[in-house]
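# Sequence first, then the predicted structure:
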Amino acid sequence: MLQQTQVKTVIPYYLAFMQQFPALPILAAASLDEVLALWSGLGYYARARNLHKAAQITHRIATAFPDSAAELLELPGIGRSTANAIASQASNTPLAILDGNAKRVFARHAGIPDWPGKATVQNKLWQAAQDRLTKVNGAAYTQAIMDLGASLCSRSQPDCEHCPVNADCYALQENRVAEFPGRKVAKKNPEQFKQLLINRDSQGRIYLQKRPPTGIWGGLWSLPEHTEQDAINFELQLPLLIHDFSHFRLHITPLLVDHKQMQVNEAQGSYFATKDWRKLGLPAPIRQILEQSVKIPIQ
């Protein structure tokens, strides 16, 4: 959950998730819909899909959760840094990590310029992480590196005075802390425009379709999109909703349609009462639209 997401945002999701799925066998036995419902609004839904799949794989083939980095790398959604972090915490083995906070620490301490997203820069950061690796107490060291980046060595206004490694930090000694790590060259994200159809029957149930398992909002429930082939009368246009993804901006126009004029594909979706769709895995903007639609009287 903490990948690409701040701690304060994650905490309520984490607590709810652990209450629902307190053990790996319970998570493995749950449906993907149950998992995505608790992830709804947190974004980056591939994390939830990978976590669920990893739980199922581990529960099926292993008597215990793997604790070696090599085994962990075989699970979906786990890369080199995550595998090393888990293995280090589980077995106290010293292993290099390189999450977002660690990248900032090593970029400053070793004086590695340019944007960490570049492959050449990543390689230099991994080498810096390996060069500075402790020989004992791997779990404590791993946690310390992550905490150092999250607290003292923050992106803005770092507290260099109290940093335990300030004596040989390249960026501090050269008075160039603000230059590290390098920034990605900013570019304007492309924009997409979609009309989404709110098809509500006489009972107030809304038709939702399940999206493909991969891609944007993969595996979540959403409103069907309006296409040029749809010859439908619109009863009401709800306010425009703008939602930013990491690589594009989506402009959503929600349209309340005449239920009797719209044909639905029952193989792709179903009608859900309000109490039922509120339990589904829904993208945050779709949930917002549905909550708005509940306030509109049924004609």
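In hand now; what should we look at?
# make it CA atoms for all contacts and neighbour counts henceforth
Fine.
# Next up, phi/psi of the nearest residue to Arg205 once chain neighbours are set aside, please.
Nearest non-adjacent residue to Arg205, counting by CA to CA, 6 or more residues apart in numbering: Ala273, 4.4 Å away. Dihedral pair for Ala273: phi -70, psi 160, per degrees, to the nearest 10.
# which intervals of this protein have sub-threshold pLDDT?
Where the chain drops to pLDDT under 70, the residues are 63, 228-231.
# Isn't Asn101 up against Ala150?
Yes - applying CA atoms under 8 Å, one finds Asn101 in contact with Ala150, separated by 5.9 Å.
# Check the burial of the residue nearest to Arg205 by counting its neighbours.
Neighbourhood size, Ala273 [other CA atoms under 10 Å]: 14.
# Pull the contacting residues for Lys124.
Ile112 (CA atoms under 8 Å, 6 or more residues apart in numbering).
# host element of it?
Here Lys124 sits within helix 119-131, counting by DSSP states H and E.
# Equivalent analysis for Glu291, please.
Counting by DSSP H and E, Glu291 is part of helix 284-294.
# And that helix, what's buried?
When neighbours are counted by 16 or more other CA atoms under 10 Å, the buried residues of helix 284-294 are found to be 286-287, 289-290, 293.
# again, but for stretch 18-33
For stretch 18-33, a neighbour-count test (16+ other CA under 10 Å) marks 21, 24, 27-28, 30, 32-33 as buried.
# what's the most distant pair in those?
Within those, Leu24 and Asp33 form the most distant pair, 16.7 Å apart (CA to CA).
# so how far is the longest helix that the chain contains from its chain's centroid?
Criterion DSSP state H: the longest helix present in the chain is helix 46-61. With CA atoms, centre = their mean, to the nearest Å as the basis, helix 46-61 stands 15 Å off its chain's centre.
# Does anything pack onto it? Which helices or strands?
Where contact means 3 or more CA pairs under 8 Å, 6 or more residues apart in numbering; DSSP states H and E, helix 46-61 is packed against helix 24-29, helix 32-39.
# Quick one: name whatever helix or strand follows that helix.
Scanning forward in sequence from helix 46-61 by DSSP H and E, the next helix or strand is helix 69-72.
# buried set for that following helix?
Quick answer for helix 69-72 (16+ other CA under 10 Å): 69, 72.
# Next, count neighbours for Phe17.
Neighbour tally, Phe17, other CA under 10 Å: 16.
# residue boundaries of the strands in this structure?
For the chain, the strands defined by DSSP state E cover 191-198, 206-210, 221-222, 234-237, 241-244, 249-257, 269-272.
# tell me the most buried of the ones you listed?
strand 221-222 (a mean of 24; mean count of other CA atoms under 10 Å).
# Show me what it is packed against.
Counting by 3+ CA pairs under 8 Å, 6+ apart, strand 221-222 packs on strand 206-210.
# ok, now how distant is the spatially most central residue of the chain from Ala128?
Nearest to the mean C-alpha position of the chain, by CA atoms, centre = their mean, lies Tyr44 at 2.9 Å. Going from Tyr44 to Ala128 by CA to CA, to the nearest Å gives 29 Å.
# wait, Ala37 sits on Asp276?
No - applying CA under 8 Å, one finds Ala37 not in contact with Asp276, separated by 11.2 Å.
# between these two, which one's more packed in?
Ala37 (20 against 10).
# residues near the closest residue to the more buried one other than its chain neighbours, how many?
Using CA to CA, 6+ apart and skipping the chain neighbours, the partner closest in space to Ala37 is Gly281 (3.5 Å). Counted by other CA under 10 Å, the residues lying close to Gly281 total 25.
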